[in-house]
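Visitor: could you work out the structure for the sequence below:
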Amino acid sequence: MKNEEMTPRKAFYIALSILLAAIVWFYVDQTSGPNGGPQPRERTITDIPIEYTGEASLTDRGLMLLEEGTDTTIDLTLEGTRWLLANLDRDDIRVTVDLSNVDSAGVQTLGYQILYTDRRFSNNALTKKDASIYNATVNISELYSRTVEVRCELIGNVAEGYSAGQIQLSHTTLDIEGQPEDIDPVSYAKVTFDIGTDAEETVSQELSIQFYDENDNLLESTGIHPEAETIQATLPVFVTKELWLKMDFTSAPGARERNVNCEIRPATITVSGDAGLLRDVDSITLDTFDLLKLVEGGGTYVYPITVPEGCQNLSGVTRATVQLSFKDMTSASVTTDRFRYENVPDGKAVDILTEEMTVQIFGTAADVAAVTGGDLTVVADLSDFGSALGTYTVPATIENSSGVDIGISGSYEVQVTIREPSDSGSEESTQTTPEDTPEE
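Guide: Down below sits the predicted model:
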(Lines give C-alpha, C1' and ligand atoms only; values in the text may rest on other atoms or scores of the structure.)
Protein backbone atom coordinates (compact mmCIF):
# COMPACT_ATOMS: atom_id res chain seq x y z
CA MET A 1 0.00 0.00 0.00
CA LYS A 2 1.27 3.39 -0.93
CA ASN A 3 2.07 5.66 2.04
CA GLU A 4 -0.07 8.73 2.16
CA GLU A 5 1.44 12.01 3.19
CA MET A 6 0.00 13.80 6.26
CA THR A 7 -1.97 16.73 4.97
CA PRO A 8 -2.81 19.80 7.09
CA ARG A 9 -6.49 18.89 6.97
CA LYS A 10 -5.78 15.38 8.25
CA ALA A 11 -3.56 16.72 11.08
CA PHE A 12 -6.33 19.10 12.10
CA TYR A 13 -8.89 16.31 12.35
CA ILE A 14 -6.52 14.17 14.44
CA ALA A 15 -5.90 17.04 16.89
CA LEU A 16 -9.61 17.75 17.06
CA SER A 17 -10.32 14.10 17.81
CA ILE A 18 -7.84 14.10 20.67
CA LEU A 19 -9.34 17.29 22.13
CA LEU A 20 -12.86 15.91 21.93
CA ALA A 21 -11.75 12.68 23.61
CA ALA A 22 -10.15 14.67 26.44
CA ILE A 23 -13.30 16.73 26.88
CA VAL A 24 -15.44 13.60 27.00
CA TRP A 25 -13.05 11.97 29.48
CA PHE A 26 -13.06 15.10 31.70
CA TYR A 27 -16.86 15.29 31.55
CA VAL A 28 -17.26 11.68 32.51
CA ASP A 29 -14.75 12.13 35.35
CA GLN A 30 -16.62 15.15 36.68
CA THR A 31 -20.12 13.73 36.39
CA SER A 32 -19.82 10.03 37.04
CA GLY A 33 -19.58 10.39 40.78
CA PRO A 34 -22.40 10.38 43.36
CA ASN A 35 -25.21 12.84 42.58
CA GLY A 36 -23.66 13.67 39.25
CA GLY A 37 -20.53 15.22 40.80
CA PRO A 38 -16.85 14.57 40.12
CA GLN A 39 -15.62 11.01 40.44
CA PRO A 40 -13.83 10.81 43.88
CA ARG A 41 -10.25 9.63 43.99
CA GLU A 42 -8.00 8.44 46.78
CA ARG A 43 -4.41 9.23 47.64
CA THR A 44 -2.20 7.98 50.47
CA ILE A 45 0.39 10.35 51.96
CA THR A 46 2.90 8.79 54.33
CA ASP A 47 5.13 9.98 57.18
CA ILE A 48 3.20 13.12 58.07
CA PRO A 49 4.73 14.55 61.29
CA ILE A 50 2.48 14.71 64.34
CA GLU A 51 2.66 18.04 66.20
CA TYR A 52 2.05 18.02 69.96
CA THR A 53 0.67 21.23 71.46
CA GLY A 54 0.09 22.26 75.07
CA GLU A 55 3.40 20.90 76.42
CA ALA A 56 3.68 23.97 78.68
CA SER A 57 0.57 22.75 80.51
CA LEU A 58 2.26 19.40 81.06
CA THR A 59 5.29 21.11 82.58
CA ASP A 60 3.06 23.12 84.92
CA ARG A 61 1.67 19.82 86.20
CA GLY A 62 5.11 18.28 86.68
CA LEU A 63 4.75 16.08 83.58
CA MET A 64 6.58 15.74 80.29
CA LEU A 65 6.15 14.02 76.92
CA LEU A 66 8.65 11.27 76.18
CA GLU A 67 9.75 10.57 72.61
CA GLU A 68 10.08 6.89 73.32
CA GLY A 69 6.69 5.21 73.02
CA THR A 70 5.05 8.27 71.44
CA ASP A 71 3.73 8.29 67.87
CA THR A 72 5.62 10.82 65.79
CA THR A 73 4.23 10.28 62.25
CA ILE A 74 1.02 9.13 60.58
CA ASP A 75 -0.03 7.84 57.13
CA LEU A 76 -3.29 9.21 55.78
CA THR A 77 -5.46 8.06 52.87
CA LEU A 78 -7.53 11.00 51.66
CA GLU A 79 -10.44 11.10 49.25
CA GLY A 80 -11.19 14.04 46.98
CA THR A 81 -11.22 15.23 43.42
CA ARG A 82 -8.40 14.33 41.12
CA TRP A 83 -7.41 17.98 40.84
CA LEU A 84 -7.23 18.58 44.62
CA LEU A 85 -5.30 15.37 45.29
CA ALA A 86 -2.85 16.12 42.49
CA ASN A 87 -2.06 19.52 44.02
CA LEU A 88 -1.88 18.35 47.63
CA ASP A 89 1.58 18.23 49.20
CA ARG A 90 2.71 16.72 52.51
CA ASP A 91 3.66 20.20 53.77
CA ASP A 92 0.04 21.30 53.28
CA ILE A 93 -1.15 18.88 55.98
CA ARG A 94 -0.86 19.39 59.76
CA VAL A 95 -1.79 16.68 62.23
CA THR A 96 -1.97 18.06 65.80
CA VAL A 97 -2.54 16.48 69.21
CA ASP A 98 -3.50 18.67 72.19
CA LEU A 99 -1.82 17.73 75.49
CA SER A 100 -3.31 20.52 77.60
CA ASN A 101 -5.87 18.23 79.27
CA VAL A 102 -3.43 15.45 80.21
CA ASP A 103 -3.05 15.38 84.00
CA SER A 104 -1.39 12.04 84.77
CA ALA A 105 1.64 10.00 83.77
CA GLY A 106 1.52 6.85 81.69
CA VAL A 107 0.90 5.62 78.12
CA GLN A 108 -2.31 7.12 76.79
CA THR A 109 -4.18 7.51 73.48
CA LEU A 110 -5.42 10.88 72.29
CA GLY A 111 -7.38 12.00 69.28
CA TYR A 112 -5.76 14.08 66.60
CA GLN A 113 -6.95 16.85 64.32
CA ILE A 114 -6.23 17.21 60.60
CA LEU A 115 -5.64 20.78 59.39
CA TYR A 116 -4.55 22.28 56.09
CA THR A 117 -2.18 25.21 55.67
CA ASP A 118 -3.42 25.98 52.12
CA ARG A 119 -6.90 27.53 51.84
CA ARG A 120 -7.64 25.45 48.73
CA PHE A 121 -7.96 22.37 50.94
CA SER A 122 -10.37 21.71 53.79
CA ASN A 123 -11.96 18.83 55.67
CA ASN A 124 -15.07 19.35 53.56
CA ALA A 125 -13.21 19.00 50.26
CA LEU A 126 -10.94 16.14 51.42
CA THR A 127 -12.18 13.16 53.44
CA LYS A 128 -10.06 10.84 55.56
CA LYS A 129 -10.70 7.33 54.22
CA ASP A 130 -8.01 5.50 56.14
CA ALA A 131 -5.08 6.09 58.51
CA SER A 132 -2.16 4.15 59.89
CA ILE A 133 -3.38 5.03 63.41
CA TYR A 134 -6.80 6.17 64.58
CA ASN A 135 -5.53 7.68 67.84
CA ALA A 136 -2.09 8.93 68.77
CA THR A 137 -0.27 7.02 71.47
CA VAL A 138 1.61 9.29 73.92
CA ASN A 139 4.02 8.36 76.69
CA ILE A 140 3.70 10.81 79.58
CA SER A 141 6.21 10.75 82.41
CA GLU A 142 6.67 12.63 85.65
CA LEU A 143 9.37 15.28 85.62
CA TYR A 144 12.40 14.94 87.88
CA SER A 145 14.20 18.07 89.02
CA ARG A 146 17.66 19.12 90.11
CA THR A 147 19.40 22.38 90.97
CA VAL A 148 22.73 23.15 89.31
CA GLU A 149 25.07 26.12 89.57
CA VAL A 150 25.39 28.69 86.81
CA ARG A 151 28.87 29.62 85.61
CA CYS A 152 29.69 32.62 83.45
CA GLU A 153 32.58 32.83 80.98
CA LEU A 154 33.63 36.44 80.37
CA ILE A 155 35.03 37.47 76.97
CA GLY A 156 36.42 40.92 76.13
CA ASN A 157 37.96 43.72 78.17
CA VAL A 158 37.28 47.14 79.65
CA ALA A 159 39.09 50.24 78.38
CA GLU A 160 42.23 51.63 80.00
CA GLY A 161 41.38 53.85 82.95
CA TYR A 162 38.19 51.92 83.68
CA SER A 163 37.54 49.05 86.07
CA ALA A 164 34.94 46.29 86.15
CA GLY A 165 32.85 45.21 89.10
CA GLN A 166 31.53 41.74 89.78
CA ILE A 167 29.32 40.06 87.18
CA GLN A 168 25.68 40.10 88.23
CA LEU A 169 23.52 37.16 87.05
CA SER A 170 19.73 36.90 87.25
CA HIS A 171 20.26 33.24 88.30
CA THR A 172 23.28 31.91 90.16
CA THR A 173 21.61 28.49 90.35
CA LEU A 174 19.11 26.93 87.97
CA ASP A 175 16.36 24.38 88.51
CA ILE A 176 16.21 21.84 85.68
CA GLU A 177 13.58 19.18 85.03
CA GLY A 178 13.47 16.05 82.89
CA GLN A 179 14.07 12.34 82.95
CA PRO A 180 16.88 11.05 85.18
CA GLU A 181 18.90 9.86 82.19
CA ASP A 182 18.76 13.40 80.76
CA ILE A 183 19.38 15.58 83.81
CA ASP A 184 21.59 13.36 85.98
CA PRO A 185 24.65 13.91 83.74
CA VAL A 186 24.34 17.71 84.12
CA SER A 187 27.10 19.10 86.32
CA TYR A 188 26.55 22.82 85.74
CA ALA A 189 24.92 25.38 83.47
CA LYS A 190 27.07 27.91 81.61
CA VAL A 191 26.57 31.24 79.84
CA THR A 192 29.12 33.12 77.73
CA PHE A 193 29.25 36.89 78.29
CA ASP A 194 31.03 38.86 75.54
CA ILE A 195 31.46 42.51 76.61
CA GLY A 196 33.41 43.46 73.49
CA THR A 197 36.66 45.39 73.21
CA ASP A 198 37.49 48.38 75.46
CA ALA A 199 34.13 48.64 77.19
CA GLU A 200 33.58 52.10 78.66
CA GLU A 201 30.19 51.61 80.29
CA THR A 202 28.15 48.98 82.05
CA VAL A 203 27.22 46.03 79.78
CA SER A 204 23.99 44.03 80.13
CA GLN A 205 22.88 41.10 77.95
CA GLU A 206 20.36 38.22 77.79
CA LEU A 207 22.41 35.02 77.42
CA SER A 208 21.45 31.56 76.24
CA ILE A 209 22.19 28.60 78.51
CA GLN A 210 24.28 25.50 77.82
CA PHE A 211 24.70 22.44 80.01
CA TYR A 212 27.94 20.55 80.73
CA ASP A 213 28.87 17.31 82.45
CA GLU A 214 31.53 16.89 85.12
CA ASN A 215 34.21 16.52 82.43
CA ASP A 216 33.24 19.87 80.88
CA ASN A 217 31.65 18.21 77.86
CA LEU A 218 28.70 20.00 76.29
CA LEU A 219 25.42 18.09 76.63
CA GLU A 220 23.12 18.28 73.60
CA SER A 221 20.09 16.51 75.13
CA THR A 222 16.74 18.14 74.38
CA GLY A 223 15.21 16.48 77.43
CA ILE A 224 16.60 19.12 79.81
CA HIS A 225 13.95 21.68 80.78
CA PRO A 226 15.37 24.68 82.70
CA GLU A 227 13.22 27.07 84.74
CA ALA A 228 14.43 29.94 82.50
CA GLU A 229 15.45 29.90 78.86
CA THR A 230 17.93 32.79 79.21
CA ILE A 231 19.94 34.46 81.96
CA GLN A 232 20.41 38.22 82.35
CA ALA A 233 24.08 39.11 82.88
CA THR A 234 25.33 42.58 83.88
CA LEU A 235 28.93 43.74 84.25
CA PRO A 236 29.26 47.12 85.99
CA VAL A 237 32.05 49.22 84.45
CA PHE A 238 33.44 51.92 86.72
CA VAL A 239 35.60 54.98 86.13
CA THR A 240 37.59 57.03 88.64
CA LYS A 241 37.34 60.79 88.13
CA GLU A 242 38.47 63.95 89.88
CA LEU A 243 35.51 66.29 90.22
CA TRP A 244 35.71 70.03 90.94
CA LEU A 245 33.62 71.47 93.75
CA LYS A 246 31.73 74.64 92.86
CA MET A 247 29.00 77.01 93.96
CA ASP A 248 26.05 78.39 92.04
CA PHE A 249 25.50 82.12 92.63
CA THR A 250 22.38 84.26 92.39
CA SER A 251 23.45 87.72 91.21
CA ALA A 252 21.76 91.11 91.71
CA PRO A 253 22.56 94.71 90.64
CA GLY A 254 25.83 95.72 92.29
CA ALA A 255 26.49 92.11 93.41
CA ARG A 256 27.75 90.10 90.45
CA GLU A 257 29.53 86.75 90.28
CA ARG A 258 32.38 88.31 88.30
CA ASN A 259 33.22 90.40 91.39
CA VAL A 260 33.39 87.45 93.82
CA ASN A 261 36.40 85.79 95.40
CA CYS A 262 35.44 82.14 96.01
CA GLU A 263 37.86 79.74 97.66
CA ILE A 264 36.68 76.15 98.19
CA ARG A 265 38.65 73.69 100.30
CA PRO A 266 39.14 71.01 99.11
CA ALA A 267 38.94 72.20 95.50
CA THR A 268 38.36 68.68 94.15
CA ILE A 269 37.49 65.18 95.30
CA THR A 270 38.05 61.80 93.65
CA VAL A 271 35.03 59.61 93.04
CA SER A 272 34.44 56.21 91.50
CA GLY A 273 31.19 55.19 89.86
CA ASP A 274 29.36 53.83 86.85
CA ALA A 275 31.16 55.00 83.73
CA GLY A 276 27.94 55.84 81.92
CA LEU A 277 26.72 57.95 84.86
CA LEU A 278 29.98 59.90 85.21
CA ARG A 279 30.75 60.32 81.51
CA ASP A 280 29.52 63.94 81.33
CA VAL A 281 30.07 64.87 84.99
CA ASP A 282 33.04 67.16 85.76
CA SER A 283 31.95 68.94 88.93
CA ILE A 284 29.76 68.82 92.02
CA THR A 285 27.64 71.85 92.99
CA LEU A 286 27.66 72.37 96.75
CA ASP A 287 24.80 74.88 97.00
CA THR A 288 23.18 78.01 95.57
CA PHE A 289 24.26 81.28 97.23
CA ASP A 290 22.54 84.71 97.07
CA LEU A 291 25.31 87.29 96.60
CA LEU A 292 23.26 89.98 98.37
CA LYS A 293 24.29 88.22 101.60
CA LEU A 294 27.87 89.36 100.96
CA VAL A 295 27.15 93.09 100.63
CA GLU A 296 27.87 93.68 104.33
CA GLY A 297 31.09 91.64 104.16
CA GLY A 298 32.57 88.24 103.33
CA GLY A 299 32.08 85.03 105.22
CA THR A 300 33.00 81.37 105.65
CA TYR A 301 30.45 78.66 104.96
CA VAL A 302 30.50 74.86 105.34
CA TYR A 303 28.58 72.54 103.00
CA PRO A 304 28.20 68.74 102.82
CA ILE A 305 29.66 67.11 99.71
CA THR A 306 27.00 65.02 97.95
CA VAL A 307 28.44 62.70 95.30
CA PRO A 308 26.27 61.45 92.39
CA GLU A 309 23.97 58.58 93.32
CA GLY A 310 25.67 55.21 93.05
CA CYS A 311 29.18 56.70 93.23
CA GLN A 312 31.81 56.32 95.94
CA ASN A 313 33.77 59.22 97.44
CA LEU A 314 37.34 57.91 97.36
CA SER A 315 38.79 61.06 98.99
CA GLY A 316 36.93 60.45 102.22
CA VAL A 317 36.23 64.18 102.68
CA THR A 318 32.52 64.73 103.31
CA ARG A 319 32.36 68.53 103.95
CA ALA A 320 33.75 71.52 102.10
CA THR A 321 34.65 74.97 103.46
CA VAL A 322 33.80 77.92 101.22
CA GLN A 323 35.34 81.38 101.75
CA LEU A 324 33.40 84.14 99.95
CA SER A 325 34.07 87.86 99.55
CA PHE A 326 33.79 90.59 96.93
CA LYS A 327 36.98 91.66 95.19
CA ASP A 328 35.88 95.32 95.15
CA MET A 329 32.86 96.46 97.12
CA THR A 330 32.02 99.87 98.56
CA SER A 331 28.89 101.74 99.56
CA ALA A 332 27.84 105.38 99.66
CA SER A 333 24.95 107.68 100.62
CA VAL A 334 23.52 109.70 97.75
CA THR A 335 20.85 112.39 98.23
CA THR A 336 18.24 112.92 95.55
CA ASP A 337 15.37 115.36 95.12
CA ARG A 338 13.79 113.47 92.23
CA PHE A 339 10.39 111.96 93.05
CA ARG A 340 7.48 110.55 91.16
CA TYR A 341 4.45 108.42 91.88
CA GLU A 342 2.65 105.56 90.17
CA ASN A 343 -0.68 103.71 90.45
CA VAL A 344 -2.55 106.95 91.25
CA PRO A 345 -6.15 106.31 92.40
CA ASP A 346 -8.70 107.19 89.74
CA GLY A 347 -9.98 110.76 90.00
CA LYS A 348 -7.49 111.76 92.71
CA ALA A 349 -4.68 114.29 92.85
CA VAL A 350 -1.39 113.62 94.65
CA ASP A 351 1.13 115.88 96.33
CA ILE A 352 4.51 114.47 97.38
CA LEU A 353 5.52 116.09 100.68
CA THR A 354 9.01 114.57 101.00
CA GLU A 355 11.50 116.91 99.35
CA GLU A 356 14.79 115.03 99.63
CA MET A 357 15.87 111.50 100.40
CA THR A 358 19.22 109.91 101.10
CA VAL A 359 19.70 106.56 99.36
CA GLN A 360 22.26 103.90 100.26
CA ILE A 361 23.97 102.39 97.19
CA PHE A 362 26.66 99.73 96.80
CA GLY A 363 28.82 98.28 94.07
CA THR A 364 32.38 98.54 92.85
CA ALA A 365 34.21 101.75 93.78
CA ALA A 366 34.17 102.98 90.20
CA ASP A 367 30.44 102.33 89.74
CA VAL A 368 29.47 103.92 93.06
CA ALA A 369 31.57 107.02 92.32
CA ALA A 370 29.80 107.46 88.98
CA VAL A 371 26.33 107.88 90.56
CA THR A 372 24.90 111.29 91.48
CA GLY A 373 21.62 112.37 93.00
CA GLY A 374 20.28 113.19 89.57
CA ASP A 375 20.62 109.54 88.58
CA LEU A 376 18.26 108.31 91.31
CA THR A 377 14.48 108.69 91.34
CA VAL A 378 12.26 107.82 94.31
CA VAL A 379 9.03 106.20 93.08
CA ALA A 380 6.04 106.20 95.45
CA ASP A 381 3.67 103.27 94.98
CA LEU A 382 -0.01 104.17 95.58
CA SER A 383 -1.50 100.83 94.55
CA ASP A 384 -2.81 100.16 98.11
CA PHE A 385 -4.55 103.52 98.48
CA GLY A 386 -7.30 103.32 95.89
CA SER A 387 -10.08 104.82 98.10
CA ALA A 388 -7.95 106.85 100.47
CA LEU A 389 -7.89 110.60 101.00
CA GLY A 390 -5.43 112.42 103.24
CA THR A 391 -1.75 112.27 104.07
CA TYR A 392 0.03 108.92 104.21
CA THR A 393 3.47 107.38 104.41
CA VAL A 394 3.72 105.04 101.40
CA PRO A 395 6.42 102.57 100.29
CA ALA A 396 8.84 103.66 97.60
CA THR A 397 11.40 102.10 95.32
CA ILE A 398 14.55 103.62 93.82
CA GLU A 399 15.19 103.80 90.09
CA ASN A 400 18.75 104.13 88.79
CA SER A 401 19.26 105.84 85.43
CA SER A 402 23.04 106.14 85.63
CA GLY A 403 23.73 103.11 83.43
CA VAL A 404 26.26 101.66 85.90
CA ASP A 405 25.76 98.47 87.90
CA ILE A 406 24.92 99.44 91.47
CA GLY A 407 22.57 97.99 94.06
CA ILE A 408 20.22 99.73 96.46
CA SER A 409 20.18 98.74 100.11
CA GLY A 410 17.56 99.53 102.69
CA SER A 411 13.83 100.26 102.41
CA TYR A 412 12.29 103.63 101.64
CA GLU A 413 9.06 105.54 102.29
CA VAL A 414 7.73 108.96 101.33
CA GLN A 415 4.85 111.11 102.57
CA VAL A 416 2.10 112.00 100.12
CA THR A 417 -1.24 113.73 100.26
CA ILE A 418 -4.07 112.19 98.29
CA ARG A 419 -6.91 114.67 97.62
CA GLU A 420 -9.79 115.47 95.36
CA PRO A 421 -8.67 117.58 92.37
CA SER A 422 -10.99 120.46 93.50
CA ASP A 423 -9.40 120.73 96.95
CA SER A 424 -7.72 124.05 97.71
CA GLY A 425 -4.00 123.99 97.96
CA SER A 426 -1.03 124.07 95.72
CA GLU A 427 -2.03 122.71 92.31
CA GLU A 428 1.55 122.62 91.23
CA SER A 429 3.94 120.32 93.03
CA THR A 430 7.60 121.20 93.14
CA GLN A 431 8.19 117.46 92.93
CA THR A 432 8.69 115.52 89.72
CA THR A 433 5.40 114.07 88.40
CA PRO A 434 4.82 111.41 85.73
CA GLU A 435 4.00 114.13 83.19
CA ASP A 436 7.22 116.10 83.58
CA THR A 437 9.68 113.36 84.46
CA PRO A 438 12.64 113.66 82.05
CA GLU A 439 13.03 110.78 79.69
CA GLU A 440 15.75 108.39 80.84
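Visitor: C-alpha from now on. contacts and neighbour counts both.
Guide: Will do.
Visitor: surely residue 214 and residue 189 touch.
Guide: No. In terms of CA atoms under 8 Å, residue 214 does not count as a neighbour of residue 189; the distance is 10.9 Å.
Visitor: which one's more surrounded, those two?
Guide: Comparing residue 214 with residue 189 by other CA atoms under 10 Å, the one with more neighbours is residue 189, at 23 against 10.
Visitor: contacts for stretch 278-288?
Guide: Stretch 278-288 is contacted from outside by 239, 241-250, 303-307, using CA atoms under 8 Å, 6 or more residues apart in numbering.
Visitor: and that stretch, what's buried?
Guide: Within stretch 278-288, the residues that count as buried by 16 or more other CA atoms under 10 Å are 278, 283-284, 286.
Visitor: including pLDDT, could those residues go into CSV?
Guide: Below are the buried residues of stretch 278-288 laid out as CSV (pLDDT from 0 to 100):
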residue, pLDDT
278, 90
283, 96
284, 96
286, 97
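Visitor: shaky segments in the stretch 1-150 of the chain?
Guide: Within the stretch 1-150 of the chain, the stretches with pLDDT under 70 are 1-6, 21-39.
Visitor: among the contacts of stretch 278-288, name the buried ones.
Guide: Neighbour-count burial (16+ other CA under 10 Å) applied to those gives 239, 241-247, 305, 307.
Visitor: which of those sit farthest apart?
Guide: The distance between the two most remote of those (CA to CA) is 24.3 Å, for 239 and 247.
Visitor: among the buried ones among the contacts of stretch 278-288, which one sits closest to residue 349?
Guide: Once CA to CA is applied, the member of those that ends up nearest residue 349 is residue 247, at 50.3 Å.
Visitor: re the thing from before, secondary structure and distance to residue 92 for the buried residues of stretch 278-288 - can I get that in TSV?
Guide: Formatted as TSV, the buried residues of stretch 278-288 follow (DSSP: H, G, I helix; E, B strand; the rest coil; distance: CA to CA, whole Å):
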residue	secondary structure	distance to residue 92
278	helix	58
283	strand	68
284	strand	68
286	strand	73
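Visitor: pick the one among those residues closest to residue 415.
Guide: For those, the nearest to residue 415 is residue 286 (45.3 Å; CA to CA).
Visitor: look up how far residue 49 lies from that closest one.
Guide: 72 Å (CA to CA, to the nearest Å).
Visitor: repeat for residue 369
Guide: Remark: distance between residue 369 and residue 49 (CA to CA) = 101 Å.
Visitor: of the two, who's got more company?
Guide: Here residue 369 and residue 49 are compared on neighbour count by other CA under 10 Å; more neighbours surround residue 49, at 17 against 14.
Visitor: who does that one bridge with?
Guide: Beta bridges link residue 49 to residue 73, judged by DSSP bridges.
Visitor: quick one: contacts for it?
Guide: By CA under 8 Å, 6+ apart, the residues touching residue 49 are 72-74, 94-95.
Visitor: nearest to residue 263 among those residues?
Guide: Nearest to residue 263 among those is residue 94, at 81.1 Å by CA to CA.
Visitor: any idea how far the closest residue to residue 204 other than its chain neighbours is from residue 205?
Guide: The spatially closest residue to residue 204, leaving aside those adjacent along the chain, is residue 234, at 4.2 Å (CA to CA, 6 or more residues apart in numbering). According to CA to CA, residue 234 and residue 205 sit 7 Å apart.
Visitor: what about residue 109, how many neighbours?
Guide: Using other CA under 10 Å: residue 109 sits among 13 other residues.
Visitor: for residue 90, same thing?
Guide: Neighbours of residue 90 (other CA under 10 Å): 12.
Visitor: the one 4 residues further on too?
Guide: Other residues within reach of residue 94 by the criterion other CA under 10 Å amount to 16.
Visitor: who's it bridged to?
Guide: residue 115.
Visitor: again with residue 351
Guide: Beta-bridge partners of residue 351, as defined by DSSP bridges: residue 417.
Visitor: so how far is residue 74 from it?
Guide: Using CA to CA, one gets 113 Å for the distance from residue 351 to residue 74.
Visitor: neighbour count: these two, which is higher?
Guide: Using other CA under 10 Å, the more surrounded residue of residue 351 and residue 74 is residue 351, with 21 against 18.
Visitor: show the model's pLDDT score for that one.
Guide: With respect to pLDDT, residue 351 has a value of 91.
Visitor: surely it touches residue 417?
Guide: Yes. Contact criterion CA under 8 Å: residue 351 and residue 417 qualify, at 5.1 Å.
Visitor: does residue 361 touch residue 407 like I think?
Guide: Yes. Shown here, residue 361 and residue 407 form a contact pair, counting by CA under 8 Å, at 5.6 Å.
Visitor: what sits in contact with each of these two?
Guide: Common contacts of residue 361 and residue 407, defined by CA under 8 Å, 6+ apart, are absent altogether.
Visitor: still on that earlier bit, closest to residue 118 among the contacts of residue 49?
Guide: Lowest distance from residue 118 to the contacts of residue 49 (CA to CA) belongs to residue 94, with 10.4 Å.
Visitor: show me what contacts residue 79?
Guide: 40-43, 85, 126-129.
Visitor: and it, how far from residue 348?
Guide: 110 Å.
Visitor: before we move on, what about residue 149?
Guide: Taken as CA to CA, the span from residue 149 to residue 348 is 92 Å.
Visitor: repeat for residue 277
Guide: 64 Å.
Visitor: what helix or strand is the residue nearest to residue 46 when sequence neighbours are not counted on?
Guide: Leaving aside its sequence neighbours, residue 46 sits nearest to residue 75 (CA to CA, 6+ apart; 4.2 Å). Using DSSP states H and E, residue 75 falls within strand 73-80.
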